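Enquirer: Fold the following.
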Amino acid sequence: MIAALPRELLASLREALATLGRYAFFLLRLLAATPRGLLRFGLVVQQVHNAGALSLVIIMLSGLFVGMVLGLQGFDLLQRFGSEESLGVAVALGLLKELGPVVTALLFAGRAGTALASELGLMRATDQLAAMEMMAVDPVRRVVLPRFLGSVISMPLLAAIFSLIGLFGAQLIGVQLMGVDAGQFWSQMKGAVELDDVMEGVIKSGVFGVACGLVAVYEGYHSVPTAEGVGRATTRTVVISSVLVLLLDYMLTAVML
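Expert: Below you'll find the predicted structure:
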């Protein structure tokens, strides 16, 4: 059966498996360097600021509008069944378990992921990474690892902020505009949302942080040292990160359910 496959398809499969292996080895290299890399705590904090704090505006705005849309759509749907008071539960579960981690990861890949990839790609194109190697400085530990750890730490924090702002947006529409009782909105949410629901969102956002951070630093570190190569690495970062987030979201949801 394998022999019957077109030669081009076999070549694509081999290349995909080889790329997956290179990602895996690069991740293992980063994990092996993590204990010593954490000693440079200042570098990690700086990258948390660059990847996380500088993404707050787009995360908060997106969370607010997503929450407002959920409030409108959820109210319209629940009103057909006479369950408008359950709006808080529906919005909270949707944000905490799915939309919060997923939308945050997609926005993170488009904003911070591209910045990381282009920054590392520019360092490769201008021979800064090669200069570090000549001075016996490991660029993975000195440059790549803090950016990877900054992404991993920032993602759950950004997802939590996204969900909180989204709940505020849904409350603004559902309670203030549509007339849902505020006490029922919050009390039913408090009674229905469990710790497992919160932990599902935390686990997903953590996994998405590892995936998006790994793709960004790998593509930037291994980019072709030309202007075209840096642009291609940036584009690949967005595409691969987005597809990977959606794939991992399905896999994690299937396992947790």
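Enquirer: tell me which element residue 251 is part of?
Expert: Assigned by DSSP states H and E, residue 251 belongs to helix 227-256.
Enquirer: Check which helices and strands that helix sits against.
Expert: Judged by 3 or more Cβ pairs under 8 Å, 6 or more residues apart in numbering; DSSP states H and E, helix 227-256 is in contact with helix 100-108, helix 114-125, helix 195-221. Quick note: C-beta positions are derived from backbone N, CA and C, even for glycine.
Enquirer: Which stretch among the ones you listed is buried most, on average?
Expert: helix 100-108 (a mean of 26; mean count of other Cβ atoms under 10 Å).
Enquirer: just to revisit the earlier point, list the buried residues for the helix holding residue 251?
Expert: 230, 232-234, 236-238, 240-242, 244-245, 248-249, 252 (16 or more other Cβ atoms under 10 Å).
Enquirer: Now do it and helix 195-221, the angle between them.
Expert: Put simply, helix 227-256 runs at 160 degrees to helix 195-221, going by axes from the mean of the first three to the mean of the last three Cα atoms, to 10 degrees.
Enquirer: what pLDDT, on average, does helix 227-256 get?
Expert: Across helix 227-256, pLDDT averages out at 93.
Enquirer: and if you look at stretch 150-166?
Expert: On average, stretch 150-166 scores 94.
Enquirer: can you give me the offset of the helix holding residue 251 from its chain's centre?
Expert: 9 Å (Cα atoms, centre = their mean, to the nearest Å).
Enquirer: Please renumber the chain so that the first residue is 213 from this point on.
Expert: Noted, 213 is the first residue going forward, which turns the last one into helix 439-468.
Enquirer: tell me the secondary structure for residue 348?
Expert: coil (DSSP: H, G, I helix; E, B strand; the rest coil).
Enquirer: And the pLDDT at it?
Expert: 82.
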